[in-house]
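Peer 1: using only what follows, build the 3D model:
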Amino acid sequence: MTGTPTGARTGARTGTGSGNGPAAPLRYAYGTNGLADLRLGDALTLLADLGYDGVGLTLDHMHLDPSAPDLPRRTAAVGRALERHGLEVTVETGARYVLDPRRKHHPTLLDPDPDARAARLELLLKAVRVAAELGAHALHFFSGVLPYGADPHTAWPRLADGTAALLAAAQAAGVALAVEPEPGHLLGDLAAFHRLRTTLGEPEGLGLTLDVGHCLCLEREPPHECVRAAAPWLRHVQIEDMRPGVHEHLPFGEGELDVPPVLAALREARYGGLVTVELPRHSHAGPDRARESIRHLRRAEAEAAPDTAAGADRAPRAPAPHAPAAPAPHAPAAPARDAPTPRAPAPHAADDEQSGAAPC
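Peer 2: Numbering: from 1, shown residues only. I've put the predicted structure just below:
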C-alpha cells in the first residue's frame, strides 16, 4: 500500500495547537467496535447521515479484517467510502480476538514468547500501513495486561522494544502513534504513559490516546484536569460515560462524567483530532446509541462554549447516495512530574473492556 493515501481528507488536524483566535468546534467520531452488527459500509453511511465527522475504525474480523486476503484492495475500497462520505478516520487495534480466538487480546507486546510478541507487532505494522493508506489522523494501540507470572521489570523493556519498532515504522509512514492507558494493563494510566515516553527518550512521534472515561475511573484528578495535563501529547481522544472506580463504558447520562468541562478543556487545548465515542458493548443498539451520542455531545459543547460552539443544533447531513458498501472480508524512568497520580483500585470493579482484568 503505497502512493497517495486513498482516504486522506484535506485539512486533517491532529494533536493540539496554539493561537489567539476562537477555538474551532470539536470533531466527533463513533467507534466501529460499537457497531459490530453493521456492515462497515452501512456503518459509515449511518455516521455520515447522523453528522459525525469521522470514525474510529477497529481492525477486526467483521470490519477490514487485517488477517484476511487482499488487505490492500479492501483498504483502498474503505478509503473510497470514507472519501465519499467526507469522514476522517482513526485506526484502532483493540479487537478482542483478532489474533487468538480463545484468549482475549492475546498475544501482546509483553508476552514472554518472542514469537507471540512478533505476532502482535506484525498486526500493529499492518495497522500502520492501513492508517497510512487511509490518511488516518492517528493509530491507536495499547500495552496489554501483564502475563500471568511475568515480572514487570522484564515486561517494561519488552514494551519499550516493541513500541520503538512500531514508532520507527509509523514515523516512516507519516502516521501519528497514540498509545492508550488502559485500566488493568501494564501501561494503565497517565503516569505509565510518561514512564514509557521517558524510557524511549521522549520521542516526538509517541503520542497519547486519552480515554476520558478512564480518567474518571482511575486518575486522581478530575477528567477535565487530565485533559489539560495530557494536552501536549494528545493525538486521539475517546469518550463515553463512566463511574468512578468502575471500568464500564456507558452511554451518556448513565454515569457520572461531567461532559461540558471536558469538551471545554479540549477546546482550550485547541485539540484538532477526533473525539471518538467508545461503546464496545452496545452494538446491539448501535444506531440508536450513535444518534443519542452525537446529540449529547453537541449540546454539551454548546453548554461548554455557547459563544463559539458551532453546530450544537446542527441537523444531520442529508443522506449521501447509497453507494455499494466496501467489499466484505473473506471470511525504568520516573514519570513526569505533571502526570496525575492514579486512584487506588476500587474493590468492586466491572470486567475490563480491553483486558479482562479489572483493577478499577
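Peer 1: all helices of the stretch 151-300 of the chain, in order?
Peer 2: With DSSP state H, counting those that start in this stretch as the definition, the stretch 151-300 of the chain shows helices at residue ranges 152-173, 190-199, 212-218, 223-230, 259-268, 286-304.
Peer 1: output the first one as CSV, restricted to C-alpha atoms.
Peer 2: The C-alpha coordinates for helix 152-173 follow below in CSV (Å, rounded to 0.1, in the frame of the first residue of the first chain):
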residue,chain,number,x,y,z
PRO,A,152,7.0,-6.1,35.4
HIS,A,153,10.8,-5.4,35.4
THR,A,154,11.1,-7.6,32.3
ALA,A,155,7.8,-6.6,30.8
TRP,A,156,8.6,-2.9,30.6
PRO,A,157,11.7,-3.4,28.4
ARG,A,158,9.6,-5.7,26.1
LEU,A,159,7.0,-2.9,25.8
ALA,A,160,9.7,-0.3,25.1
ASP,A,161,11.3,-2.5,22.4
GLY,A,162,8.1,-3.2,20.7
THR,A,163,7.0,0.4,20.8
ALA,A,164,10.3,1.6,19.4
ALA,A,165,9.9,-0.7,16.4
LEU,A,166,6.4,0.4,15.9
LEU,A,167,7.3,4.0,16.2
ALA,A,168,10.0,3.7,13.6
ALA,A,169,7.5,2.3,11.1
ALA,A,170,4.9,4.9,12.0
GLN,A,171,7.3,7.8,11.6
ALA,A,172,8.5,6.4,8.2
ALA,A,173,4.9,6.2,7.0
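Peer 1: so which other helices or strands are in contact with it?
Peer 2: For helix 152-173, the packing partners by 3 or more CB pairs under 8 Å, 6 or more residues apart in numbering; DSSP states H and E come out as helix 114-134, strand 177-179, helix 190-199. Using the backbone N, CA and C atoms, a C-beta is placed for each residue, glycine as well.
Peer 1: please identify the most buried of those.
Peer 2: A comparison of those by mean neighbour count, using mean count of other CB atoms under 10 Å, puts strand 177-179 on top with a mean of 26.
Peer 1: any chance of the helices and strands packed on helix 152-173 in TSV with mean pLDDT and distance to residue 261 as columns?
Peer 2: Supplementary listing: the helices and strands packed on helix 152-173 in TSV, determined by pLDDT from 0 to 100; distance: least, CB to CB, whole Å:
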stretch	mean pLDDT	distance to residue 261
helix 114-134	98	31
strand 177-179	98	23
helix 190-199	97	18
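Peer 1: out of these, flag the one nearest residue 239.
Peer 2: The minimum distance between residue 239 and those falls on strand 177-179, with 14.5 Å, by CB to CB.
Peer 1: so residue 24 touches residue 272, yeah?
Peer 2: Yes: look at residue 24 against residue 272 with CB atoms under 8 Å: they come within range, at 7.4 Å.
Peer 1: more neighbours: these two, which one.
Peer 2: Relative neighbour count places residue 272 above the other of residue 24 and residue 272, with 20 against 15, counting by other CB atoms under 10 Å.
Peer 1: how near is that one to residue 90?
Peer 2: According to CB to CB, to the nearest Å, residue 272 stands 13 Å off from residue 90.
Peer 1: tell me how far the closest residue to residue 160 other than its chain neighbours lies from residue 206.
Peer 2: The shortest distance from residue 160 to any residue other than its chain neighbours is 5.0 Å, reached at residue 199 (CB to CB, 6 or more residues apart in numbering). For residue 199, the distance to residue 206 equals 10 Å [CB to CB].
Peer 1: okay, and for this structure, where does confidence drop off?
Peer 2: For the chain, residues meeting the criterion pLDDT under 70 lie at 1-14, 16-21, 306-360.
Peer 1: which residue ranges form the strands in this structure?
Peer 2: Secondary structure of the chain (DSSP state E): strands at 27-31, 54-58, 88-92, 139-141, 177-179, 206-211, 234-239, 241-243, 246-250, 274-277.
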